[in-house]
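Undergrad: quick one, fold the following:
(3 chains)
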Amino acid sequence: MTTGNTGPAPGGPGGLNPPAFGQASGPGGLTPPASAHGQPAIELRGISKSFGAVRANEDISFSVPKGTIHGIIGENGAGKSTLMSILYGFYRADQGEILIHGLPTALPDSQAAIRAGIGMVFQHFKLVQNFTVLENIILGAEDGPLLGRSLRRARDSLTALAREYELDVDPDALVEDLSVGHQQRVEILKALYRNADILILDEPTGVLTPAEADHLFRILRGLRDQGKTILLITHKLREIMETTDNVSVMRRGRLVGSVRTSETSPAALAELMVGRKVLLETGKAPARPGPVLLSAELLTLRDEHKVERLKSVSLDLRAGEILGIAGVAGNGQSELLSILGGMTRPGEKVTGRLTLGGHDLPLTGRGSDGKSRREAGIGHVPEDRHHAGLILDFTAWENTALGYDDDPAYQRGLLTDNQAIRDDTRRKMQVWDIRPPIHTLAAKSFSGGNQQKLVIAREFEQDPAILLIGQPTRGVDIGAIEFIHKQIIALRDQGKAILLISVELDEIMSLSDRIAVMFDGRIIGIRDPATTSESEIGCLMAGIAPTAEAS
Amino acid sequence: MRPLPKWADLVLVPLISLTLAALVAALVILSIGESPWFALTTMVKGSLMTASGWGHTLFYTTSFIFTGLAVTVAFHAGLFNIGGEGQAQLGGLGVALACLYIPWPHWTLALLGATIAAAAFGAAWIAIPAWLQAKRGSHIVITTIMFNYIAASLLMFMLVDVLRPIGSQDPSSARFPPEAALPRFNQIPGLDLLFPRTVPVNVTLFLALAAAALIWLLLWHSRTGFRIRAFGKSEGAARYAGIGAVKTTMVALLISGALAGLMSVNNVMGDAGRLLGNSAAGAGFIGIAVALMGRNHPLGVVLAAFLFGFIFQGGSELGFMTSIPIEMRVVIQGLVILFTGALDMMVRMGLERVFVRLPQAKAA
Amino acid sequence: MDYASVLQLLDSTVRLATPLLLACLAGLWSERAGIFDIGLEGKMLIAAMTSAAIAALTAATPTWALFGLDLTWAKALFPPVIWGLIAGILASIVFAMIHGIASITFRGNQLISGFALNFIAAGLTVLIAQSIFGQGGRTPQLAGDARFSPVTLPFTETIRRIPGFGPFYAEVISGHAILVYLAFAIVPLTWGLMYRTRYGLRLRAVGENPAAVDTAGISVVRLRYSALIITGILCGLAGAYMSTALQAGFGRDMTAGRGYIALAALIFAKWRPVAALWACLLFGFFQALALRPDIVTAIVQFRVPGPILDALPYILTVLVLAGFIGKAIPPRAGGEPYVKER
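TA: Just a heads-up that it's a prediction; the model follows:
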């Protein structure tokens, strides 16, 4: 495979082949200028990696010219982080070859990667919180058994680096006292101190404020201009568009395209990265929206680090409608769901107002937990069925009572009526076609789709007036997707109010009666799916809003 | 790697761990120049071949059921109560106060009163560590260890300065009145045919078995138990379901402390008839081994308690009948805890390898 | 209370604080590397028994031979007490390594492992002592060079004449076993190693965030085992001090919970070496007070029951744990086996 070739041609599943990529994907289609002058800094050839049955990376090939910023974009779970961990010697690829500056290089461990000049800034910083900046920087790269000399050298080179790249940070500050943005600078400095000339950043802006992110990108451009090669992994389109020279798109462990950033558009990238499933017509009737049931006003959530994750979100949810929340993962959808479903953590601060049928629902303290929400008539299919919706070690029938252990139908005097719960589970398994229909099986033994059906059966059958549904078909096989979609629509037709959160754009498009798009903790726009296009939603997801609405 | 089949995990892993512990114990006995086989036969003879042996074995079993259940309930909430010893001692104080200061007309009422007092005092002793764990995140293991020592000091103070009868030199309370004496098995019609001579085992054994049944009902047939287990398995799912972390932690630990306290009904009221220093005699710690061995299931706990009752009684028989010191039983307990509690991954990893190879062996 | 009583009290404070200090520093090394160790007690106990037993045996046998090879010359290299010390340290290291296998290699529960080892040590020490010496689980009384004798510091007699400080120097500072001075010297040594060397930096990092160490290309497992060896050595010193310096021989359960008090002191000191010294001196002072209730009565003017003094270190520790006296933040990775994350 020649330099610049972009791996498997896009247009595989679903036949998606946006114009920008069509031009770029042929052999030699992407030949960035720098590569003409020498070997690419990084070249991957046919990298594959599996964890058990999960294929995290499949036959990934691309190359990164020296002195460029190369973006890798894809949804959560697309395999980006695994790929980068392979590059950093944290995992070993099952197959494939890595070339650094043209030389085949084995990267059995992190030390080898460091020797090869690769530095990595992880999504979750690998810093020692109660060490000073200097101590963190020399850790593992000390000059001798005593620290004195190492610290002096690090201090000098830190001053030089700070001057060169706008990377100022107090060398004697404790890391735990630094802002997240400064902590990230420490990670970058760590890599530079080890003489890295290839820098990998994994989702670097996930925890940054916009101002900090802007500063980071200035730093990155400065580094590139000094000849460093930068790999930027992100799921944020805007960053790719603003910062990178070239971009590769990953989806479900595969590389679906590489292109020059100047030759593509956010909408095209968005469609490519979200992908398109073979979706059957949902064939739903027009909605007959009733009165407003659930009303949120200026909901704001600050996490334990005092970062605002949700910013003044207001929305109305009507009976008999599906309100879809679109957005790239991590833009506040989970936080919105956690407030509505009563799942906020003790350290999180929530403000705003939430009313159900005109009555206030508490946002904190007594009455704001999941049980109270259920009693108020809010059912909840959580985004993460492994850590919230189900207890994987519990049997299917025990999971049927999760959240509903107070249900009068499940009681027999002081004790629980386990037989009633089992009977109920057996019945649900039949109605919802959950396989295998063995109610004594542990939840972890079911496939993803059947696990999801266990959750949905439990929540739907409680007949709540309002239903919160997060990622209903994540990790669910095609057959079950269709079934789940039909059930959601059926529930709407019964007059229930449904809030649907999904990162699958087509799911949102085909199910929703109204679409709210979230970006950076806010609702950036509300659209009618009948009168909007996927590319318009894609622009909103990328944070590109018509000016009137952005204010 | 494939997970082990459930039966292997439930039965094979503890059995192999127990075998390993027994093997190491045999090596220890060999190395001090004694015969492991002779030691084993002595233990069996001394604990299971005579009425007196059974009387002692079942007496210890009774205490261990309580402390094993105590550890079990906390384990299900994902918490490690290492303070059973202190809670048991406080339970003993409760029993002594109830027996000494309330004039009971009959032992049945005294048993009821002492049971309530023991449970209340045991629960009270874990209340502070439990609250600190639930509200302030202070590690329950360290705080309960500290409370074990504080309990020992408190009891010593109570026995020396408060409860000691005037003129007595022993650090112990006065004897309980005869109305507060529980029937031993040799005093129970019917059972006295099996136990002709005085044995320590008493009616508290039935209380312990009832407690095991109740805890089984609690854990698997009640909302409280469901919440405790859900919280222990997945904090995220508990939050999703609206199961309060503070309340669940408190409830689980208070039940745990009450159970540990209850063991004092057996030894303080049922046998000693007065409160002595160090009344729990390590049973609180053995509860950890019992819970680990019993796989945190009340039935398993009852069986494991019997096993440890056998080790305890057989071990003291070793001390009497052979030149192997009585401390051998402490070594055995330690080894069982080590292999079942800390090295279980080793056993499981080994077994997984065997199970992976099995089908190949069949094919070959 | 007269000055002589004060000096007596301080003198016994130093004696009683020494095993606490050694055990506390032992715990510091292990916990700073991210391995909880409630097995300090057991390691002290096994070391105390082994030291006393080997010292007694070496003193009692005129010659050494192994497989017919005469090794008497080797025996003559050290006095019996040193052979005892070496053996005690080795025994303690063996226990530390079992803890390592359980908690590092097999990622078992560190609390249960430490707890089990305490049990095993409590039984095994009596078992071995009984089978060797047949004296009810005790070792014979040690005397002469089978025991650490007090060291009289230079110029003691000269300085003693200085009023005030002189008697303090002679009674409290001078006249302890060499291990006491060693223990106090290990405090700055630990501090220096921990805060001024590459090894210390990596060790502290592995207890706070093993992923940071792993991504820097350093072996987490090797670092943690090395810390446990240091823990073993220090617990060995503590145990040897108990049976061959503080006392003259091993007795059943002679450490009497000191391993747990050391743990309490470690928490009280918030896992810092110099603070550990002060914490151990404080807890040693409580122990010394508990031995002299008459002094306490004289000071507070009413009779304080001994058990309350015994309980003071534990009550203080609970208050620290509760966050009422400063916040005790343990090493962040403590107790968790390190598994490379995906």
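
Undergrad: closest residue of the stretch 251-364 of chain B to chain A?
TA: residue B:296 (12.4 Å; Cβ to the nearest Cβ). Any C-beta I mention is one placed from the backbone N, CA and C, and that applies to glycine too.

Undergrad: chain neighbours aside, what residue packs nearest to residue A:406?
TA: In space, not counting the residues next to it along the chain, residue A:406 is nearest to residue B:223; the distance is 6.7 Å by Cβ to Cβ, 6 or more residues apart in numbering or on different chains.

Undergrad: distance check, the one you found against residue A:455.
TA: 20 Å (Cβ to Cβ, to the nearest Å).

Undergrad: these two: which is more packed in?
TA: Neighbour count, other Cβ atoms under 10 Å in any protein chain shown: between residue B:223 and residue A:455, residue A:455 has more, with 22 against 18.

Undergrad: the helix or strand harbouring that one and chain B in contact?
TA: Counting by DSSP states H and E, the element that carries residue A:455 is helix A:448-461. No. Helix A:448-461 does not reach chain B (Cβ under 8 Å from any Cβ of the partner chain); its nearest approach is 10.0 Å.

Undergrad: the following helix or strand past that helix pairs with which strands, parallel or anti?
TA: Tracing the chain C-terminally past helix A:448-461 and defining elements by DSSP H and E, one meets strand A:466-470 next. Using DSSP bridges, strand A:466-470 pairs in its sheet with strand A:378-381 (parallel), strand A:497-501 (parallel).

Undergrad: returning to what we had before: in the helix holding residue A:455, what counts as buried?
TA: A:449-461 (16 or more other Cβ atoms under 10 Å in any protein chain shown).

Undergrad: what mean pLDDT does it get?
TA: The average pLDDT within helix A:448-461 is 91.

Undergrad: cool, and stretch B:86-103?
TA: 96.

Undergrad: correct me, but residue B:256 touches residue B:80?
TA: No. Counting by Cβ atoms under 8 Å, residue B:256 stays clear of residue B:80, with 10.1 Å between them.

Undergrad: between the two, who's got more neighbours?
TA: Higher neighbour count among residue B:256 and residue B:80: residue B:256, with 32 against 19, using other Cβ under 10 Å.

Undergrad: where does the more buried one sit, in terms of helix or strand?
TA: Applying DSSP H and E, one finds residue B:256 within helix B:245-264.

Undergrad: and the helix or strand that comes right after that helix, how far from the chain's centre?
TA: Using DSSP H and E, the next helix or strand after helix B:245-264 towards the C-terminus is helix B:283-293. Helix B:283-293 has its C-alpha centroid displaced from the chain centroid by 5 Å (Cα atoms, centre = their mean, to the nearest Å).

Undergrad: what does stretch A:300-313 give?
TA: Stretch A:300-313 sits 18 Å away from the centroid of its parent chain (Cα atoms, centre = their mean).

Undergrad: show me the contacts for residue C:251.
TA: Applying Cβ atoms under 8 Å, 6 or more residues apart in numbering or on different chains to residue C:251 gives the contacts C:137, C:138.

Undergrad: what does the pLDDT read for it?
TA: pLDDT, read off for residue C:251, is 92.

Undergrad: against chain A, how distant is it?
TA: Noted for residue C:251: a distance of 42 Å to chain A, by Cβ to the nearest Cβ, to the nearest Å.

Undergrad: and what of residue C:82?
TA: Distance from residue C:82 to chain A, by Cβ to the nearest Cβ: 29 Å.

Undergrad: what are the buried residues along the host helix or strand of that residue?
TA: Take DSSP H and E as the rule and residue C:82 turns out to sit in helix C:80-100. For helix C:80-100, the neighbour count (16+ other Cβ under 10 Å) marks C:80-89, C:91-100 as buried.

Undergrad: for the nearest residue to residue A:338 once chain neighbours are set aside, give me phi and psi.
TA: Spatial nearest neighbour of residue A:338, excluding adjacent residues (Cβ to Cβ, 6+ apart): residue A:344 at 5.3 Å. The phi/psi pair for residue A:344 (degrees, to the nearest 10) reads phi -70, psi 150.

Undergrad: over to residue C:317?
TA: Dihedral pair for residue C:317: phi -60, psi -40, per degrees, to the nearest 10.

Undergrad: repeat for residue A:237
TA: phi -70, psi -40.

Undergrad: which residues touch the closest residue to it other than its chain neighbours?
TA: Closest residue to residue A:237 apart from its sequence neighbours, by Cβ to Cβ, 6+ apart: residue A:542 at 3.8 Å. Residue A:542 is in contact with A:236, A:237, A:238, A:241, A:266, A:267, A:270, A:328, A:519, counting by Cβ under 8 Å, 6+ apart.

Undergrad: likewise for residue C:167?
TA: By Cβ under 8 Å, 6+ apart, the neighbours of residue C:167 are C:3, C:4, C:7, C:160.

Undergrad: and the helix or strand that contains residue A:536, what's buried?
TA: Under the criterion of DSSP H and E, residue A:536 resides in helix A:534-541. The neighbour-count check on helix A:534-541 (16+ other Cβ under 10 Å) flags A:534, A:536, A:537, A:538, A:539, A:540, A:541 as buried.

Undergrad: residue A:512 is in contact with the third one, correct?
TA: No. With contact defined as Cβ under 8 Å, residue A:537 and residue A:512 do not form a contacting pair (10.1 Å).
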